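>>> let's see this in three dimensions:
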Amino acid sequence: TSPLEQNAALSLGTSVLTPIEVTTAYAAFANGGYRVYPYYVTEVDSHSGDVLYKRQPPQPQRVIASHVDRDLVAMLYGVVTSGTGRAAALDKHEAAGKTGTTQNSDDAWFVGFTTDYVTAVWIGNDNNSAMKNVTGGSLPAQIWHDVMTFAEKDLPSRPLDKSPPQAPSDVTSL
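Below is the predicted model:
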């Protein structure tokens, strides 16, 4: 819902977003390409147990084509298996995600998902001063790893719905 700057680097994170917005966006990658509406309350009951409010989920709305979503998940999986997010890798569950560090190092984050959960970790100083030697692939990815290891502890391991790895192809010069 935040305004996005229209520029070529938009996909790299050049606009300021809240952690809930980033988590919501990545939830669409994690669930196969459907829009997600964040919410905080699922049900409100009276003291006597009567349901006063129960959240009604909206109708599913595809926002990413399934084949494109599988490609995105494969790319984000690569961030965790062989990229800047290796510190987030889980022992028994496939994970995918993205690291982020602002130009002047006053923010760092990791957002990622398994088949069960989507979680974002953001860190920064209250006074917006630069952090020393902190990138999204360091402390935020390590925190994400620890939180998700606990969250996934008793859950079965299921593979992410991602495109299969591509064999290197011959590149022809134009």
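
>>> run a quick neighbour tally on residue 152.
Neighbours of residue 152 under the rule other C-beta atoms under 10 Å: 19. C-beta here means a position set from N, CA and C on the backbone, and glycine is covered the same way.

>>> likewise for the one 5 residues further on?
The local packing of residue 157 (other C-beta under 10 Å) involves 13 other residues.

>>> ok, now which ones touch it?
92, 93, 94 (C-beta atoms under 8 Å, 6 or more residues apart in numbering).

>>> which ChimeraX command selects the buried ones in these?
This is how ChimeraX selects the buried members of the contacts of residue 157, with burial counted by 16 or more other C-beta atoms under 10 Å:
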select :93,94
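
>>> quick one: least confident of the contacts of residue 157?
Across the set of these, residue 92 stands lowest in pLDDT, at 94.

>>> show me where this protein has its helices.
Remark: helices assigned in the chain by DSSP state H are 19-30, 66-82, 139-151.

>>> want to try CSV for these, with mean pLDDT as columns?
Shown next, in CSV, are those (pLDDT from 0 to 100):
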stretch, mean pLDDT
helix 19-30, 95
helix 66-82, 97
helix 139-151, 98
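
>>> can you put the ones you listed in JSON lines and add mean neighbour count and distance to residue 45?
Listed next are the helices of the chain as JSON lines, based on neighbours: other C-beta atoms under 10 Å; distance: least, C-beta to C-beta, whole Å:
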{"stretch": "helix 19-30", "mean neighbour count": "19", "distance to residue 45": "25"}
{"stretch": "helix 66-82", "mean neighbour count": "18", "distance to residue 45": "36"}
{"stretch": "helix 139-151", "mean neighbour count": "18", "distance to residue 45": "26"}
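
>>> residue most distant from the centroid, the protein?
Distance from the centre of the chain peaks at residue 48, with 38.9 Å (C-alpha atoms, centre = their mean).

>>> give me the distance between that residue and residue 54.
16 Å (C-beta to C-beta, to the nearest Å).

>>> and residue 128, by the same measure?
From residue 128 over to residue 54 the distance is 40 Å, taken as C-beta to C-beta.

>>> before we move on, what about residue 28?
Distance from residue 28 to residue 54, by C-beta to C-beta: 24 Å.
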